[in-house]
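Undergrad: What follows is a predicted protein model with its sequence.
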Amino acid sequence: MTIKKNNIEILNVSADRNLVDANLIQSDSDNFNDLNLRPQKLEDYIGQNEVKKNLSYLIKSAKIRNENLDHILLYGAPGLGKTTLANIIAVEMGVNVRVTSGPAIEKQGDIASIITNLKENDILFIDEIHRLKPAIEEILYSAMEDFAIDLIIGKGPGAKSMRLKLPRFTLIGATTKISQISSPLRDRFGAMYKLMFYDIKDINKIVQRSASLLNIKITSEASLLIAHSSRSTPRIANRLLKRVRDFAIVNKFDEIDQNHTKKCLELLGIDEIGLDDSDRHILSSIIEKFNGGPVGLSTISAITNEEEETIEEVYEPYLMQLGLMERTPRGRIITSKAYQHLGINLIKNEK
């Protein structure tokens, strides 16, 4: 089944075609209507100025040449707007975008079916592209480079090879782990852009824009507090805004102010710099049990009951960005800034 909204086609899971469910594509949304929070044009997209500037030239050039865009790879931490950018590119180009996910494409026939149904200049967006199977990648090599796919018909001595021509399409891949994409696939992208964490000013603008779209009355102090607690990530900022909205509705507040926001964030266990209970548990455990480190990742996993990948990919990047944790050859070390934030007296490790 295909769900279509504007010019965006989201491929749904079915029994005979193992494609990604729409709910997986919009994991940062409470429901399908929350796609409205996403900007539809490049000029409405807040932040990532260098990426926007480069994309603007890429899109304008393709329009002037009346050709398809080069294949684009977007990479960066989760929630920074890779899917949103892909949809914006499609709107700016005036073409359809079909959305799927790397883990959902299991057979060569799946990717062949998707690509052959594309129209000229259409966009295929593959989220989590680093999780594509090698056999699927091999199909994409010729599809991206020669706009053709080679299919094997039959088995054994009677098998025949057939080359099927494809429309000139654009593949946009999104990944949080660019290092896990094979070199042959990575080299076939004509443009690669890294999405950086947002600064507080841009996150604050996103919160105010989302509040306006959701018809939420919020003070500038409250929106700034949400921005500071958002881990520099728009997805988290929008999620916190919705939870503050729920808090305000239940308590019958006409306007969300700083005090209401602070109470809601405390209820959620989120402090003024965006740390949650798990973040603080990791920091305090290393301080209490290992005098602040150094300590290995596997040991941190054991004492906090968190998976190593979760610590390394979810918690560590933000803790390191804030300067609360350092990664050294000997292991992880908690900084004096973390002691200060947690209100713990710093005792130097003299071992």
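TA: Received it, and whenever you're ready, just let me know what you need.
Undergrad: Helix, strand or coil: sort out the closest residue in space to residue 151 that isn't next to it in sequence for me.
TA: In this structure, residue 151 finds its nearest non-sequential neighbour in residue 162, 5.1 Å apart by C-beta to C-beta, 6 or more residues apart in numbering. No exception for glycine: its C-beta is placed from N, CA and C like everyone else's. Three-state call for residue 162 (DSSP: H, G, I helix; E, B strand; the rest coil): strand.
Undergrad: now residue 162: how far from residue 144?
TA: With the distance defined as C-beta to C-beta, to the nearest Å, residue 162 ends up 19 Å from residue 144.
Undergrad: just the helices in the stretch 51-200 of the chain please.
TA: With DSSP state H, counting those that start in this stretch as the criterion, the stretch 51-200 of the chain has helices at 82-93, 108-116, 134-146, 183-186, 200-213.
Undergrad: which one of those has the most crowded surroundings?
TA: Highest mean neighbour count of these: helix 82-93, a mean of 22 (counted as mean count of other C-beta atoms under 10 Å).
Undergrad: Restrict it to CA atoms and write it as PDB.
TA: Taking Å, rounded to 0.1, in the frame of the first residue of the first chain, the C-alpha atoms of helix 82-93 are listed here in PDB:
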ATOM      1  CA  LYS A  82      17.700  14.300   7.100                       C
ATOM      2  CA  THR A  83      14.200  13.000   6.100                       C
ATOM      3  CA  THR A  84      12.800  16.500   6.200                       C
ATOM      4  CA  LEU A  85      15.600  17.700   3.800                       C
ATOM      5  CA  ALA A  86      14.800  14.800   1.400                       C
ATOM      6  CA  ASN A  87      11.200  15.800   1.300                       C
ATOM      7  CA  ILE A  88      12.100  19.500   0.800                       C
ATOM      8  CA  ILE A  89      14.400  18.600  -2.100                       C
ATOM      9  CA  ALA A  90      11.500  16.800  -3.800                       C
ATOM     10  CA  VAL A  91       9.200  19.700  -3.300                       C
ATOM     11  CA  GLU A  92      11.800  22.200  -4.600                       C
ATOM     12  CA  MET A  93      12.400  20.000  -7.700                       C
END
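Undergrad: average pLDDT for it?
TA: Helix 82-93 carries an average pLDDT of 91.
Undergrad: Check stretch 248-259 too.
TA: pLDDT averaged over stretch 248-259 gives 86.
Undergrad: what's next to it, contact-wise?
TA: Stretch 248-259 has contacts (C-beta atoms under 8 Å, 6 or more residues apart in numbering) with 211, 216-219, 221-222, 225, 244-245, 247, 260, 264.
Undergrad: residue boundaries of the strands in this protein?
TA: Counting by DSSP state E, one finds strands in the chain at the ranges 2-5, 8-11, 72-76, 97-101, 123-127, 148-153, 160-165, 170-175, 191-195, 325-328, 331-334.
Undergrad: Same list (these) but as TSV, adding mean pLDDT and distance to residue 318.
TA: Formatted as TSV, those follow (pLDDT from 0 to 100; distance: least, C-beta to C-beta, whole Å):
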stretch	mean pLDDT	distance to residue 318
strand 2-5	48	32
strand 8-11	50	29
strand 72-76	93	13
strand 97-101	88	24
strand 123-127	91	22
strand 148-153	75	41
strand 160-165	76	46
strand 170-175	92	19
strand 191-195	93	15
strand 325-328	89	9
strand 331-334	90	14
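Undergrad: And the residue nearest the centre of this protein?
TA: Of all residues in the chain, the one closest to the mean position by C-alpha atoms, centre = their mean is residue 78, 3.1 Å from it.
Undergrad: How about the contacts made by that one?
TA: So residue 78 contacts 176, 233, 235 (C-beta under 8 Å, 6+ apart).
Undergrad: now do 10 Å
TA: By C-beta atoms under 10 Å, 6 or more residues apart in numbering, the contact set of residue 78 is 27-28, 128, 174, 176, 233, 235-236, 313-314, 317.
Undergrad: For residue 139, state which of the residues you listed is nearest.
TA: Set against residue 139, the nearest of the contacts of residue 78 by C-beta to C-beta is residue 128 (17.1 Å).
Undergrad: so who does the residue lying closest to that closest one once chain neighbours are set aside touch?
TA: Nearest residue to residue 128, sequence neighbours excluded (C-beta to C-beta, 6+ apart): residue 102, at 4.3 Å. Neighbouring residues of residue 102 by C-beta under 10 Å, 6+ apart: 20, 126-133, 136-137, 173-175, 181.
Undergrad: Now list the buried members of these.
TA: In these, burial by neighbour count holds for 20, 126-132, 136-137, 173-175, 181, counting by 16 or more other C-beta atoms under 10 Å.
Undergrad: okay, these in a markdown table with distance to residue 71 next?
TA: Shown next, in a markdown table, are those (distance: C-beta to C-beta, whole Å):
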| residue | distance to residue 71 |
| --- | --- |
| 20 | 20 |
| 126 | 11 |
| 127 | 15 |
| 128 | 17 |
| 129 | 11 |
| 130 | 15 |
| 131 | 18 |
| 132 | 14 |
| 136 | 15 |
| 137 | 13 |
| 173 | 8 |
| 174 | 12 |
| 175 | 13 |
| 181 | 12 |
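Undergrad: Looking at these, which is nearest residue 42?
TA: For the buried ones among the contacts of residue 102, the nearest to residue 42 is residue 174 (16.9 Å; C-beta to C-beta).
Undergrad: Specify the beta-bridge partners of that closest one.
TA: Counting by DSSP bridges, residue 174 is bridged to residue 74.
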